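Engineer: how does the following fold in three dimensions:
(2 chains)
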Amino acid sequence: MTLTAEPATATRELTLSQALNEALREEMRRDPNVFVMGEEVAVWGAGGGIFGVTRGLVDEFGPERVRDTPISEEAIAGIACGAAVTGTRPVAEIMYVDFTAMAMDPIVNQAAKLRYMFGGKAKVPMVIRAQEGAGRGNAAQHSQSLEAWFVHVPGLKVVTPSFPADAKGLLKSSIRDDNPVIFLEHKALYQTRGPVPEGEYLVPLGVADVKREGKHVTVVGVHTMVHKALAAAEKLAAEGIEVEVVDPRTLVPLDVETIVRSVKKTKRVVVAHEAVERGGVGGEIAMQIVDNAFDYLDAPIKRVCGRNVPVPYNLNLERLAIPQEEDVIAAIRELVAGAV
Amino acid sequence: MTVATLDLPKTVVLDILRKMYRIRHFETKVIELFQEGQIRGSTHTYIGEEASGVGACSALRPDDYITSTHRGHGHCIAKGGRLDLMMAELLGKSTGYCKGKGGSMHIADVDAGILGANGIVGGGIGIATGAGLSIKIKRTDQVCVCFFGDGGFNQGVLYECANIAALWKLPVIYLCENNKYAMSTPIEKSSAVADLSARAAAFGMPGINVDGMDVLAMREAVWHAAERARRGDGPSLIVADTYRFEGHNVGDGQRYRTREEVERWRQSDPILRFRDQMVRQGLITDPEADQIEAEVQDELARAIEFASQSPEPDVETLEQDVYA
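Structural biologist: Now for the predicted structure:
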C-alpha cells in the first residue's frame, strides 16, 4: 500500500526494473542531452543491463546515446562529470555499488565539489545508477550497501527507491536535477511488481512516503527493509500492534519532517537498513529523531541493521548478516512490550 | 597545415607576449603574498613553464575547453583569465572567481571554457574526457586541452580515459607538461620509459614531444592536434619538455635538485627567448615589448588593489552553492 497521491494517469503493473527502463526511455525522448553510459548497458542479455534496466534503449536511441564502455569505472564517473559540467545530462551506470570504490575521486572530489569550489558557477547534472544489497549469494564484493559513503559527502544527493512507481518517479526527477545524484537500486527488488503511472510521473527528491499507517510504532526502512517492515506490520496487525512504515525514498535530502511527524504520533521507532550498522545512515536518522522529537519518545530508538561484517557467501551466514523480517518483528515487540 | 591558419599576425605576437608576462609577474607576486601570509593553504607557480600554456591556448578558440592542475594559474591566464578576479580569489575575497571558496587550486571560469584547476593530481583527466564526449554528443567542433604533469601521467585514470577517448575518437588533447619532477621525484624514478610520448602508442593515438620552452612550437603542435580533433579523428598526446624554475610549492626547499641545474634551465627563459626571436624577426620592437611588460605591471598593481579592497565573503555564503 502506498499513500502517495493518486496520479491522474492510468497505471499498470510493472517490475521495478521495467519502471526504471520506462523512466530512462521517457527522459531520453524528452531531452536529447540525456544519454546513458556504463558497462554492458547496450547489448548484454536481452539487450542491455545485467538486470535489464537499460534493455532495448540502444534500439531506440542508438549507440551514440547508449554507450557500452570498457571496464573503467573511474573513467565512467569522471567522463560523466565532465560531460555534465559542459551541458549534457549523463546517466552513468556502475554495475555494482561495490565498484564505486574504483570511481571515488570523480564522484567525491570532482562531481560533488565543483559547484561549491567554483563559487556556484557550475552545474553538474549527472546521475550515477548502481545497485547494491545482499541476498543473492554474491559475497563480499558484490553485496554491500554503501549509501552512507555518499550521504557523507555534501554536494551529492542519494536516492533509494523501494517500489516500482517510486523508482520511475524518482529516476525522472534525478535526471532533471541539476546536481550529481547517486541513484541506488537494490538488486533483490528489481522483480518487485507494482502499479506504475503511465507517462509523466515525478516523485520529488526529499519527500518521504508513509507506506503504511499505524499508531504504536514507526519503522523507518531503506530499500528491502521497507518491504520486510510491511510484512512484519501485516503479521503484527493480527496481534493488535499497528505499525507505521516510513520510506524516506531519498537519504539526501532527507525528509526529517515526515519521519519526525510519524515518531511524534507513535512515540516508538525502529530504524532499519541492510547496510552495516556501524556508521550507517540509521545513526543519522536516529539522531535527527533525538534532535527533533526526543521528548515524544516513550522508548529508546532501536536499529535493525546489517551486522558489522563483510557479506558472507554461504546462504545461512548471509541470511544472518543482513536483517530479516523476524528481526524487525523482534525489535517492534521489544519496543511495544507492555504498552499495547 | 595551411600556412594561413598558423600565420603569426602581430596581434597574436603581442597577445602571447602579454600573457607570458602576465603569468611571470602574477606568479612572482603570488610568491611574495604567500610569504607574507596573505595567501593561505598551498600554492604552486608556473614560472618557467609559460610557453607551454600560452602556446597551447593561443592555438585554441574562445569556445574551446581546458582542464588544469594544481599548478593552474598559468593555464587560467593563458585561456584569458582575468588577473583581478584571480588575485581576489587567492586572497579569499567575495569578488574572486570562486567567491573566495576555491582558492589557488580551484580557480575556474566555466563560461570561458576553463573547467578548473584541480587539487587532485590527474583530477582533470576525467573531466576533460567528458567534455570531449559532450562535444561529440552535441556535434560541435570544439576541442578540450587536458593539461597534466609528469606526475599526473602515472595516475590510472589517464589510462582508462585515454583508451576511451581513442576508442570513441573524442576531441581531447592530452598535454603532459613534463617539468621533470613530481614534487621531489624525478622523472627517472617515476617512469621506466624515458620518452613519455611513447605511451601514446598504447592507446593508438599520435604522441609527440615538443620543446615546451618554445611558445611557437607549442602553438603549432596544439593547433595540429586541434585540427585533427575537429575533423573527428580523435585525441592526441603532446608531451611538453619544460621546467619549473621555482619549487613544487612556495616554501619548497628544493633539496632534490642543484642550483646549477635550475640556473641552466633559466638560461633558456621562454619569455626572453620568444621576445628576442620576435625582435630579431622584426615582428615587434624592444620598446613595444617593454611597453607590454609595463602595461602588465600596471594591470597587476590594479588587480592587487582590487583584491585587497574587495570584501570578505558574507558568512551566509558558507552553505550556499553546495547544491544547484
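Engineer: roughly how far is the helix or strand harbouring A:Glu326 from the heart of the chain?
Structural biologist: Here A:Glu326, judged by DSSP states H and E, is contained in helix A:325-336. Relative to its parent chain, helix A:325-336 has a centroid offset of 23 Å by C-alpha atoms, centre = their mean, to the nearest Å.
Engineer: show me what that helix is packed against.
Structural biologist: strand A:217-221, helix A:224-237, strand A:269-276, strand A:302-306 (3 or more C-beta pairs under 8 Å, 6 or more residues apart in numbering or on different chains; DSSP states H and E). Just so you know, the C-beta spots here come from the backbone N, C-alpha and C atoms, and that holds for glycine as well.
Engineer: now do B:Tyr181 against A:Lys123, distance only.
Structural biologist: According to C-beta to C-beta, to the nearest Å, B:Tyr181 stands 36 Å off from A:Lys123.
Engineer: neighbour count winner among these two?
Structural biologist: Between B:Tyr181 and A:Lys123, counting by other C-beta atoms under 10 Å in any protein chain shown, B:Tyr181 is the more crowded of the two (22 against 19).
Engineer: please identify the deepest-packed of the helices and strands packed on helix A:325-336.
Structural biologist: Most buried of the helices and strands packed on helix A:325-336 by mean neighbour count (mean count of other C-beta atoms under 10 Å in any protein chain shown) is strand A:217-221; its value is a mean of 30.
Engineer: send me it as CSV with only the CA atoms.
Structural biologist: Extracted in CSV, the C-alpha atoms of strand A:217-221 (Å, rounded to 0.1, in the frame of the first residue of the first chain):
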residue,chain,number,x,y,z
VAL,A,217,5.5,2.1,16.4
THR,A,218,7.2,3.6,13.4
VAL,A,219,9.6,1.7,11.2
VAL,A,220,11.9,3.9,9.0
GLY,A,221,13.3,1.5,6.4
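Engineer: tell me which other helices or strands it touches.
Structural biologist: Counting by 3+ C-beta pairs under 8 Å, 6+ apart, strand A:217-221 packs on helix A:224-237, strand A:243-247, helix A:256-266, strand A:269-276, helix A:325-336.
Engineer: contacts for it?
Structural biologist: With C-beta atoms under 8 Å, 6 or more residues apart in numbering or on different chains as the contact definition, strand A:217-221 has outside contacts at A:162, A:225, A:227-229, A:232-233, A:241-248, A:259, A:262-263, A:265-266, A:268-273, A:285, A:328, A:332, A:335-336.
Engineer: same thing with stretch A:248-264?
Structural biologist: Contacts for stretch A:248-264 (C-beta under 8 Å, 6+ apart): A:147, A:150-151, A:156-162, A:166, A:170, A:203, A:205-210, A:218, A:220, A:222, A:244, A:246, A:269, A:281, A:284-285, A:288-289, A:292-293, A:296-297.
Engineer: in chain B, what residue is nearest chain A?
Structural biologist: Going by C-beta to the nearest C-beta, chain A is nearest to B:Gly126 of chain B, at 1.6 Å.
Engineer: which parts of the stretch 151-300 of chain A sit against chain B?
Structural biologist: A:Pro154, A:Gly155, A:Lys157, A:Asp178, A:Asn179 (C-beta under 8 Å from any C-beta of the partner chain).
Engineer: now do 6 Å
Structural biologist: With C-beta under 6 Å from any C-beta of the partner chain as the criterion, the stretch 151-300 of chain A meets chain B at residues A:Pro154, A:Gly155, A:Asp178, A:Asn179.
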